[in-house]
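Enquirer: Next come a sequence and a model predicted from it.
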2 protein chains.
Amino acid sequence: MLVAMQNLDLPQPYLVYVGDIADPVYAKTAFGIRDWARDKCVGEFGRDGALRLGMSRLAPAEARARGAKSVVIGVAPIGGAIAPNWIPDLEECLAAGLDIVSGMHRPLSEIVALRDVAEAHGRRLIDVRRPPKNLPIATGRKRQGKRLLTVGSDCALGKKYTALVLAREFVARGLAADFRATGQTGIMIAGAGIPIDAVVSDFVAGAAEVLTPDADPGHWDVIEGQGSLVHPAYAGVSLGLLHGSQPDVLVFCHKVGRTRVYGLTTEFPIPPLREIIDLNLALARRTNPNVRCAGVSLNTSELNDVDAENALREAETHLAMPCADPLRSGRRLNMLVQACLD
Amino acid sequence: MLVAMQNLDLPQPYLVYVGDIADPVYAKTAFGIRDWARDKCVGEFGRDGALRLGMSRLAPAEARARGAKSVVIGVAPIGGAIAPNWIPDLEECLAAGLDIVSGMHRPLSEIVALRDVAEAHGRRLIDVRRPPKNLPIATGRKRQGKRLLTVGSDCALGKKYTALVLAREFVARGLAADFRATGQTGIMIAGAGIPIDAVVSDFVAGAAEVLTPDADPGHWDVIEGQGSLVHPAYAGVSLGLLHGSQPDVLVFCHKVGRTRVYGLTTEFPIPPLREIIDLNLALARRTNPNVRCAGVSLNTSELNDVDAENALREAETHLAMPCADPLRSGRRLNMLVQACLD
């Protein structure tokens, strides 16, 4: 198990690279790292005209001098490939003594120019989307320690951010807690993790077991959820993660106004939220009969404060459990955190 | 989609290789091929003392002269590796002009001796456990044609055999039907398929969509199920396959006397069968609201005829649907087949 995790301990601190990307939509990873791992970054680097993250703009050699150990590619353009005009920048990073960390589908080592330069400088090309080798089949054995998993009504609506906020709040209350990353951005933020959707299906639950090993009885693993049990493409990933995580606590994530599964041409309405919560609980009981849903994380990012509060109150009443937008701190978030710990 | 399927069209007919294995427990693939694809075999080949399959025993050159295009490794010893003393036999097959087809975890090309000899003779090393590249993410789009999926209470209790029998019975009734293989033995029998448990989790439902493409409205795909929704290690595989298959009909498979999940150290009781059936139906409705469970396939292989009939009658009464052991032909099997087609 140690071997599996060691593979994904990333060299930090980072220099964050944004290429020539100007549209923030394609820079979610860069913003995620800035917002959640700023203390692990020495600065940013990009071509003229690229967007800015608000950190120091540093050339690779300068970043290395300030302690950077790797450059992370923080952008993913349409098609998910590294643009040819980024290659010289990345070669400069390698020459300056930085490893390259990428979350793209295509392995860095397939880019011959990068592979050769990395070899020449003794640097590493690290693909966080490549899962560790030798993951085991799940055993279902109950592990010590407490586990919280964020689940949801769909993809891309806040499961990672919710887990990050809850882990931060747990630590702020003096608890031992680790954010456990299951996707590429989360892994870059945490500096470790397993890209669960890249794991061969037979080993998904086993990967979740490795990701959240035995711990002290009072320790919390706060696990980044993936997909949704009602997503026609990804439900299997979600179920493997649910079974392997053996969560004691679920936090259910939804986005205001999301009425159909995102990104599919075929229309799949989101079922009633209560049904999705009950489905998650029913299936989670297979590996942890004591699982409960502590509350709801509602993404209200497109609403003003008044409308957001109305939406939160409505969801709270409708679902009869604490409801907060984790990116709006205050009373509601405190109640959600407390409900997780009760 | 064509590309994906072409990858797995296997060179037939086969010579079936059993190495030095004497214990039938380790020769399930060989027996499966003999029982279900005898017309695709020219004979068998093995070392002295190995078990016999009851086909002509042929040296590789002789098999090639009789039309064999490949040798299939029909045994999987503990550990799942190719024994060193099999290598000379397999080299002889390559030299005789046969490709090698393997269902083992470790790719054949990692065995340097075999790789070199295959290259020298222009022969292929084919790992059926390696899924096709470029599988798509599932779309959820409803496809034309009819689909039946075998699901079950656990692994290793008859989902493949049930699908094989049903496909055979459909064809015997003059229907257009294809057995769709999702595991290595099934793929060797069918000569095509996708090893679903070896697919990266994000693409499992997409693989099932590729495996069972649009077809004539009256055509049946009879799909080999994998795992179980109540298996703590494999449920995610089962759910992805269920969603991507969009089955119109489920046939539920169980083995008499199986009361706990097989092969796990931790005890996981099999839940009441009705619950498992309802869970499959509830989740399958996400991609096909008209799905129904047509009946039960009960593995009674360890019972005598009288006890088997009693067990079948009991299950039929208890679950209120047709119940047959597909390896015992007759009235019950006819009723199950009819219920699938109604």
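Expert: That came through fine. Residues are numbered from 1 along each chain as shown, chains lettered A, B, ... in the order given.
Enquirer: mind listing the helices in chain A by residue range?
Expert: Taking DSSP state H to define them, one finds helices in chain A at A:2-6, A:28-36, A:60-65, A:87-96, A:112-121, A:159-172, A:184-190, A:204-211, A:235-245, A:273-284, A:305-319, A:331-341.
Enquirer: so how many other residues sit close to A:G244?
Expert: 29 (other C-beta atoms under 10 Å in any protein chain shown). The way it works is simple: take the backbone N, C-alpha and C, and place the C-beta from them, glycine included.
Enquirer: give me every residue that touches the closest residue in space to it that isn't next to it in sequence.
Expert: The shortest distance from A:G244 to any non-neighbouring residue, by C-beta to C-beta, 6 or more residues apart in numbering or on different chains, is to A:A208 (2.7 Å). Each residue near A:A208 by C-beta atoms under 8 Å, 6 or more residues apart in numbering or on different chains is listed here: A:A138, A:T182, A:I194, A:I196, A:I223, A:G240, A:L241, A:H243, A:G244, A:S245.
Enquirer: The closest residue to A:V101 other than its chain neighbours: neighbouring residues, count only.
Expert: Leaving aside its chain neighbours, A:V101 sits nearest to A:V72 (4.3 Å; criterion: C-beta to C-beta, 6+ apart). Using other C-beta under 10 Å, A:V72 has 30 neighbouring residues.
Enquirer: so what's A:P322 up against?
Expert: Residues in contact with A:P322 (C-beta under 8 Å, 6+ apart) are A:A294, A:G295, A:V296, A:E316, A:R332, A:M335, A:L336, A:Q338, A:A339.
Enquirer: which bits of chain A sit near chain B?
Expert: Applying C-beta under 8 Å from any C-beta of the partner chain, one finds that chain A approaches chain B through A:137-142, A:196-202, A:204-206, A:229-230, A:232-241, A:243, A:261, A:264-266, A:268, A:279, A:282-283, A:286-287.
Enquirer: Now the buried members of those.
Expert: Burial by neighbour count, 16 or more other C-beta atoms under 10 Å in any protein chain shown: within the residues of chain A next to chain B this picks out A:138-140, A:196-202, A:204-206, A:229-230, A:232-241, A:243, A:261, A:264, A:268, A:279, A:283, A:286-287.
Enquirer: what's the distance between stretch A:221-240 and the middle of its chain?
Expert: 12 Å (C-alpha atoms, centre = their mean, to the nearest Å).
Enquirer: oh sorry, the question was meant for stretch A:282-289
Expert: That offset, for stretch A:282-289, works out to 23 Å (C-alpha atoms, centre = their mean).
Enquirer: Can I get that stretch in PDB? Just the C-alpha atoms.
Expert: C-alpha atoms of stretch A:282-289 as PDB (Å, rounded to 0.1, in the frame of the first residue of the first chain):
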ATOM      1  CA  ALA A 282     -28.600   2.100   0.300                       C
ATOM      2  CA  LEU A 283     -25.600   1.100  -1.700                       C
ATOM      3  CA  ALA A 284     -23.000   2.500   0.800                       C
ATOM      4  CA  ARG A 285     -24.500   0.300   3.600                       C
ATOM      5  CA  ARG A 286     -23.000  -2.700   1.800                       C
ATOM      6  CA  THR A 287     -19.600  -1.900   3.200                       C
ATOM      7  CA  ASN A 288     -20.600   0.400   6.100                       C
ATOM      8  CA  PRO A 289     -24.000  -0.300   7.600                       C
END
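Enquirer: model confidence over that stretch, on average?
Expert: The predicted model gives stretch A:282-289 an average pLDDT of 98.
Enquirer: ok, now stretch A:23-43?
Expert: Mean per-residue pLDDT for stretch A:23-43: 95.
Enquirer: do stretch A:297-314 as well
Expert: According to the model, stretch A:297-314 has a mean pLDDT of 98.
Enquirer: again with stretch A:185-202
Expert: Here stretch A:185-202 scores 95 as its mean pLDDT.
Enquirer: Stretch A:81-92 now?
Expert: The pLDDT scores in stretch A:81-92 average 93.
Enquirer: just stretch A:247-260 next, same as before
Expert: Averaged over stretch A:247-260, pLDDT sits at 98.
Enquirer: Domains in chain A, by residue range?
Expert: Per the record, chain A has its domains at A:2-127, A:146-341, by automatic domain parsing.
Enquirer: just curious, which of the contacts of A:P322 is nearest to A:A76?
Expert: Distance to A:A76, by C-beta to C-beta, is smallest for A:V296 among these, at 29.1 Å.
Enquirer: Contacts only, for that closest one.
Expert: A:V296 sits in contact with A:251-254, A:273, A:315-316, A:319, A:321-324, A:336, where contact means C-beta under 8 Å, 6+ apart.
Enquirer: Could you identify which of those has the most neighbours?
Expert: For these, the largest number of neighbours (other C-beta under 10 Å) sits with A:V251, at 30 neighbours.
Enquirer: Distance-wise, check that residue relative to chain B.
Expert: Distance, A:V251 to chain B, using C-beta to the nearest C-beta, to the nearest Å: 20 Å.
Enquirer: Can you tell me what sits against stretch A:270-287?
Expert: With contact meaning C-beta under 8 Å, 6+ apart, stretch A:270-287 is reached by A:140, A:142, A:149, A:151, A:153-154, A:228-230, A:239, A:242-244, A:246-247, A:250, A:252, A:254, A:258-261, A:291-293, A:296, A:315, A:318-319, B:229-230, B:232, B:235, B:268, B:279, B:282.
Enquirer: Strands - which of those residues land there?
Expert: Of these, the ones assigned to strands by DSSP state E are A:L149, A:V151, A:L250, A:F252, A:H254, A:R292, A:C293, A:V296.
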